[in-house]
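Visitor: Quick one, what's the 3D model for this:
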Amino acid sequence: MNRIPPYFRLSPEVAAALAGGKPVVALESTVIAHGLPYPQNMESARRLGRIVRENGAVPAPVALMDGYVRVGLEESEWERLALPGGAVEKVSRRDVARVLFKRQTGATTVSATMWAARKTGIRVFATGGTGGVHREASRTFDISADLTELARTPVAVVASGVKSILDIPATLEYLETMGVPVLGYRTDDFPAFFSPRSGLKVPAVSDLDELAGIVRTHFDLDMETGILVANPVPSGKGMEPEAAERLIYEALEESVGRGVKGKDVTPFLLDFIHKHSGGRSLEANMALLENNARLAARLAVRLSEH
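Guide: Numbering: from 1, shown residues only. Got it, this is the predicted structure:
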């Protein structure tokens, strides 16, 4: 286990697991604070923790609280993040020092969670979908910090691809340029978050043994990048690509009309889609989060066996 750096506080459960070489799965907190409505977000937090434990690993949700990077949260701390109206900042890597110094409450994005996982020796991280290249990036230069984090932080990220509101072909090109491996778990069609397929091909891995072997080899070679494990939304729980794309187009038009910019864009778009999909997008979101937590826990167990 890595020496725990200053400003970090680990829960007793997470600290004991890391000290004993037991499997641990990092979980981001932005999806709870900003990605899902209340009370579904709190229910999802409980279920994710339970799923990780049922599959043999220790859950390690990450958040910034009271001047510390907290790795492992209690029920009351989840409540602080989940309750509507709370002053919870969305924290990327660039925001960590400022939010800690001001002792604000922050929910970590993919980039900040990967950074915290690496600092504490956690090798596997489960999320919903990563950020990526935005659809207007040629004009706005809006490219998620999640991608640069994947390019420099050796953590295995289990996600249902990238959020479908993004430019998926450009995102995959960016990851290829930065040398980040992208693997499709039991699929060669890169998933598009709400939808199980995007039509874009990626290398497929057939089972957990193959996946763990590739991830372990990647770490052993000290390739100095993360690895993205693309795990499609479970069958029957996703949205058809055409229906999802139609809602995304409407959401994008609405965001432009309202002048939504910067890091507020993604939460706005996801909220719009949740409200206009008749509940399908929320069902898909919760299903893929749970499916990713399950796979991440099983992967962490396999990696801990060697």
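Visitor: Report all helices and strands that the helix ranked longest in the chain contacts.
Guide: Scanning the chain for the longest helix, with DSSP state H as the assignment, gives helix 280-304. Helices and strands touching helix 280-304, by 3 or more CB pairs under 8 Å, 6 or more residues apart in numbering; DSSP states H and E, are strand 24-27, helix 40-54, strand 124-126, strand 156-159, helix 208-220, helix 241-258, helix 265-276. No exception for glycine: its C-beta is placed from N, CA and C like everyone else's.
Visitor: what does the third one contact?
Guide: Think strand 124-126. Here strand 124-126 makes contact (CB atoms under 8 Å, 6 or more residues apart in numbering) with 23-28, 48, 52, 57, 110, 113-114, 117, 155-159, 289, 292-293, 295-297, 299-300, 303.
Visitor: L73 belongs to a strand?
Guide: No - using DSSP: H, G, I helix; E, B strand; the rest coil, the secondary structure at L73 is coil, not a strand.
Visitor: So it is in contact with E79, correct?
Guide: No - assessed by CB atoms under 8 Å, L73 is found out of contact with E79, at 9.6 Å.
Visitor: the more surrounded of those two?
Guide: When neighbours are counted by other CB atoms under 10 Å, L73 comes out ahead of the other of L73 and E79, with 24 against 14.
Visitor: residues in contact with the more buried one?
Guide: Taking CB under 8 Å, 6+ apart, we find L73 in contact with 11, 29, 61, 63, 81.
Visitor: Are any of those residues buried, and if so which?
Guide: Taking 16 or more other CB atoms under 10 Å as the criterion, what is buried in the contacts of L73 is 11, 29, 61, 63, 81.
Visitor: Cross-reference those residues with the strands and report the matches.
Guide: The strands, defined by DSSP state E, take in 61, 63 from these.
Visitor: Any stretches of the chain with poor pLDDT?
Guide: Within the chain, the ranges that satisfy pLDDT under 70 run 1-2, 263.
Visitor: So for it, the centremost residue is which one?
Guide: Centroid-nearest residue in the chain, with CA atoms, centre = their mean: T127, separated by 2.7 Å.
Visitor: was I right about that residue contacting V158?
Guide: Yes - using CB under 8 Å, T127 is in contact with V158, at 7.3 Å.
Visitor: Run through who's touching the host helix or strand of R139.
Guide: Taking DSSP states H and E as the definition, one finds R139 inside helix 137-140. Helix 137-140 has contacts (CB under 8 Å, 6+ apart) with 134, 143, 167, 170.
Visitor: need the helices for the stretch 101-250 of the chain, in chain order.
Guide: Using DSSP state H, counting those that start in this stretch, the helices found in the stretch 101-250 of the chain span residues 110-120, 137-140, 145-150, 168-177, 208-220, 241-258.
Visitor: any idea how far P37 is from D95?
Guide: 23 Å (CB to CB, to the nearest Å).
Visitor: Tell me which of the two has more neighbours.
Guide: Higher neighbour count among P37 and D95: D95, with 20 against 12, using other CB under 10 Å.
Visitor: quick one, phi psi at the more buried one?
Guide: phi -90, psi -10 (degrees, to the nearest 10).
Visitor: quick one: contacts for it?
Guide: By CB under 8 Å, 6+ apart, the residues touching D95 are 89, 106, 112.
Visitor: nearest to G257, of those residues?
Guide: Of all these, E89 has the smallest distance to G257: 25.7 Å, by CB to CB.
Visitor: Correct me if wrong, but that closest one is in a strand.
Guide: Yes - counting by three-state DSSP, E89 is part of a strand.
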